[in-house]
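Chemist: Just a sequence and a predicted model for now, questions to come.
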Amino acid sequence: MARNFEINHAASSMIRDATVPPGFGVVQSRPYLAFDDTTVETAYTQAVQLPASYTGSGTLKADIAIIAASATSGKFDFEVSVESVTAADAVDLDAGDSFDTANAADATVPGTAGYLQVITVTLTNKDSCAAGDSIRFKIERDADDGTDDTATGDARVLWLNVYEEAA
């Protein structure tokens, strides 16, 4: 399907949560965030302006590029939350955040550790976003979900790509 726009966030540009952050590392000159298999860890993208090409009539999605540090079986489950703020909204950005309910998706780990896996999360909960809004995303591995996240070891996130598929 055609995409109206794409917003790419490299792992090296994401902000790790102050309380429960994923690890940071580099493998073969590729920066990554290492999300643990037993603790829910959080990272945030930097805020950007939602492009004018966002129509709202398509489907907003997020692709997460992951490589398993050691797992060769099981599933990774990730959640993505959207925070969208319009100029003059009654949101005190100095005092907190306003993320919408998390959207989740899982995928089976490739049979070889280090192989690329892309999980696509459909962002149905998107905080009433509109073109021109300040938008950012929260990403978490759902490590406490014993049904949908069963892979052992770290999930290394390389990047997050957000886009709208045209209707």
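Modeler: Now that the structure is in, tell me what you want to look at.

Chemist: okay, CA-based contacts and neighbour counts for the rest of this
Modeler: Will do.

Chemist: Across the sheet, point out what pairs with the residue nearest the centre of the chain.
Modeler: To find the centre residue of the chain, average its C-alpha atoms and take the closest one (CA atoms, centre = their mean): that gives Ile139, at 3.9 Å. Taking DSSP bridges, one finds Ala43, Val80 as the beta-bridge partners of Ile139.

Chemist: ok now do it, which residues does it touch?
Modeler: Ile139 sits next to 42-44, 78-81 when contact means CA atoms under 8 Å, 6 or more residues apart in numbering.

Chemist: now those as a markdown table including neighbour count?
Modeler: A markdown table is the format used below for the contacts of Ile139 (neighbours: other CA atoms under 10 Å):
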| residue | neighbour count |
| --- | --- |
| Thr42 | 22 |
| Ala43 | 23 |
| Tyr44 | 20 |
| Phe78 | 26 |
| Glu79 | 20 |
| Val80 | 29 |
| Ser81 | 23 |
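
Chemist: Can you lay out those residues as TSV showing distance to Leu158 and pLDDT?
Modeler: Shown next, in TSV, are the contacts of Ile139 (distance: CA to CA, whole Å; pLDDT from 0 to 100):
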residue	distance to Leu158	pLDDT
Thr42	14	98
Ala43	12	98
Tyr44	13	98
Phe78	13	98
Glu79	15	98
Val80	15	98
Ser81	18	98
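
Chemist: Tell me the one of these nearest His9?
Modeler: Using CA to CA, Tyr44 is the member of those that sits closest to His9, with 9.7 Å.

Chemist: The closest one and Ala18 touch, don't they?
Modeler: No. Between Tyr44 and Ala18 no contact is recorded; they are 10.6 Å apart, counting by CA atoms under 8 Å.

Chemist: wait, Thr120 sits on Asp63?
Modeler: Yes. The pair formed by Thr120 and Asp63 meets the contact definition of CA under 8 Å, at 4.4 Å.

Chemist: For Ser12, grab phi and psi.
Modeler: Ser12 has phi and psi values of phi -70, psi -20 when expressed as degrees, to the nearest 10.

Chemist: tell me the secondary structure for the residue of the chain positioned farthest from its centre?
Modeler: When distances to the mean C-alpha position of the chain are computed (CA atoms, centre = their mean), the maximum falls on Ala88, with 26.4 Å. Here Ala88 is recorded as coil under DSSP: H, G, I helix; E, B strand; the rest coil.

Chemist: Having no further points to raise, I will conclude here.
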